[in-house]
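Colleague: I would like the atomic coordinates for the input below:
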Amino acid sequence: MMRRPRSLNSSAAGSFPFLLVRLVLVVTSISFSGRCLARTDSHHRRPSGGRHGPPRPVSPPSPSTTTFSVLQYGAVGDGNTDDTKAFVDAWSAACAVRSSTVVVPVGNRFLVGPVTFTGDSCQPNTVFQVDGTIMANTNPNVWRSGNSVLQWLEFKGFKGLTIQGSGTVDGQGSHWWSGGAPPATTTTTHVDADRVGTNNRPTAVRVYQSTNVAVTGITIQNSARFHLTFDTCSAVAVRGIAVRSPGDSPNTDGIHLIGSVGVSIHNSTVACGDDCVSIQDGCSGVLVRGVTCGPGHGISIGGLGKGGATAVVSDVDVQDVSLVRTASGVRIKTWQGGFGSVRNVRFSGVRVSAVKTPIVIDQYYCDHTTCANQTAAVAVSGVAYSSVTGTYTQRPVYLACSDAAPCAGVHLEDIQLTPAKDDGYGHLYGPFCWKAYGDEVRPVVPPVDCLMAGAP
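Modeller: Below is the predicted model of the structure:
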């Protein structure tokens, strides 16, 4: 038989509500204190692993974004403040993230000194998005740190790099061209043979020892020296860029290739004071298509072999290009005394307008008043010209080949060149050949009767 619970006496019953209230207050106080302690501790979290085990190392937090604007890293963008550090910091942050983008925003002008962006510690496939304007710092002090500075913006050691956008890279080269510029520097082992005496002028954009590189859309203007250089690169694509500098700006090659393979240049416009496209030693598998050149010195292979050097260039294809008021059209130039070869080159669909000499092979190239005669020469063979049309102002064809290493396999097909109608260009000359062997497929206007048939 169940027993009934004992009744509370009146004293206990009266004190029960009071005890209950105190209990609630104590529990509430403990709960509130616990919550406050958790918030405080959240600012000083210990590594996981328990109170008694050794703490595990803390990994840096994964970035929550793949886009890094230079403005977020302190860039001012007023065209007067040196923003170099902000560019370096933004690049360093982006390097930790795969397929990241460094943004140079539209509407700003960023003053930047010489800087090298390295890719060896970066995740693959970095994008440099240039929509604003980057301006070279012309303060002499920023160019006097240690050895020679031959590059302004250098990208080195990338596996997957894209430089793109609608913005402008402005080298402010007139500060160098006028001779009152940043400092003369020491010599370097990596100076192009044709560029004597310009070692103190930096190239605007240099991509070095990189693969899978794309440059699209941007404008590069007024470089102190070369505008865009690819050095020891592979799998390179240039598309839809513009290069702009005055026709009298010294040694300002537009796109300069050296030691690079698998390069394509498409649908770009180049106006400069030297070669619009310059193809140097160690290049092969080069395609140039849809390029407009002028002013400038044309599209050139060389100069090669200066100072007895050995140089090799092969498998170059130049298609559907336009040259307007340039010193040369499509040209191969080598120094006397050099060694090596130029072979398997094709120029097709070349349109010239008031070009001084549209077709040039010059194995006696010399950028001085006189050069010593030497026997050795870089051999030139397997060069085809087809569908070269337009007007010239001095001579239509100039094939000056070496006595010791005559040009072999020169092919002319569908060549139609006539004098420019403007009588202000001076005396006109006919085609010139020396030790050049090959064949013609008519029409060839004017006839190049000096081209010798057969092989040397």
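
Colleague: wouldn't residue 82 be in contact with residue 113 here?
Modeller: Yes - using Cβ atoms under 8 Å, residue 82 makes contact with residue 113 at a distance of 6.4 Å. C-beta coordinates here come from the backbone N, C-alpha and C atoms, glycine included.

Colleague: between these two, which one's more packed in?
Modeller: In this view residue 82 and residue 113 are compared by other Cβ atoms under 10 Å, and residue 113 has more residues nearby, 20 against 15.

Colleague: Give the intersection of the neighbour lists for residue 82 and residue 113.
Modeller: Each of 137, 139, 142 lies in contact with both residue 82 and residue 113 under the rule Cβ atoms under 8 Å, 6 or more residues apart in numbering.

Colleague: Make a ChimeraX selection of whichever of these turn out to be buried.
Modeller: Burial among the shared contacts of residue 82 and residue 113 is assessed by 16 or more other Cβ atoms under 10 Å; the matching ChimeraX selection reads:
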select :137,142
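
Colleague: Let's have the shared contacts of residue 82 and residue 113 in a markdown table, adding secondary structure.
Modeller: Formatted as a markdown table, the shared contacts of residue 82 and residue 113 follow (DSSP: H, G, I helix; E, B strand; the rest coil):
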| residue | secondary structure |
| --- | --- |
| 137 | coil |
| 139 | coil |
| 142 | helix |
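
Colleague: can you pull the contacts of residue 151?
Modeller: Contacts of residue 151 (Cβ under 8 Å, 6+ apart): 114, 116, 202-203, 206, 229.

Colleague: now swap in residue 334 and tell me
Modeller: Contacts of residue 334 by Cβ under 8 Å, 6+ apart are 302-305, 311, 342, 362-363, 365, 377-378, 380.

Colleague: what do you get for residue 87?
Modeller: By Cβ under 8 Å, 6+ apart, the contact list for residue 87 reads 70, 73, 75, 102, 110, 112, 115.

Colleague: 6 Å instead, please
Modeller: 70, 112 (Cβ atoms under 6 Å, 6 or more residues apart in numbering).

Colleague: isn't there a strand covering it?
Modeller: No - Residue 87: not assigned to a strand; according to three-state DSSP it is helix.

Colleague: returning to what we had before: adding pLDDT and distance to residue 445, write the shared contacts of residue 82 and residue 113 out as a markdown table.
Modeller: Output for the shared contacts of residue 82 and residue 113, formatted as a markdown table (pLDDT from 0 to 100; distance: Cβ to Cβ, whole Å):
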| residue | pLDDT | distance to residue 445 |
| --- | --- | --- |
| 137 | 95 | 52 |
| 139 | 89 | 55 |
| 142 | 86 | 54 |
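
Colleague: Using CSV, please lay out the shared contacts of residue 82 and residue 113 together with distance to residue 390.
Modeller: Below are those laid out as CSV (distance: Cβ to Cβ, whole Å):
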residue, distance to residue 390
137, 42
139, 45
142, 45
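
Colleague: that older thread, kindly supply the PyMOL command isolating those of the contacts of residue 151 that are buried.
Modeller: In PyMOL, this line selects whichever of those come out buried by 16+ other Cβ under 10 Å:
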select buried, resi 114+202+203+206+229
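
Colleague: Which member of the contacts of residue 151 is positioned nearest residue 165?
Modeller: Residue 165 lies nearest to residue 206 out of the contacts of residue 151, by Cβ to Cβ, at 18.0 Å.

Colleague: List the strands paired with the helix or strand containing that closest one, with their directions.
Modeller: Taking DSSP states H and E as the criterion, residue 206 maps to strand 203-208. Strand pairing for strand 203-208, using DSSP bridges, gives strand 151-156 (parallel), strand 228-231 (parallel).

Colleague: what about it, distance to the chain center?
Modeller: Between the centre of strand 203-208 and the centre of its chain there are 5 Å (Cα atoms, centre = their mean, to the nearest Å).

Colleague: Residues contacting it, please?
Modeller: With contact meaning Cβ under 6 Å, 6+ apart, strand 203-208 is reached by 151-156, 169, 171, 213, 220, 223, 225-231, 233.

Colleague: And the helices in this structure?
Modeller: In the chain, the segments counted as helices under DSSP state H are 10-42, 84-95, 174-177.

Colleague: Show the contacting residues for residue 284.
Modeller: Going by Cβ under 6 Å, 6+ apart, residue 284 touches 261, 314-315.

Colleague: Now intersect those residues with the strands, please.
Modeller: Members of these lying in strands (criterion: DSSP state E): 261, 314-315.

Colleague: Of those - the most surrounded one?
Modeller: Ranking the ones in strands among the contacts of residue 284 using other Cβ under 10 Å puts residue 261 first, with 18 neighbours.
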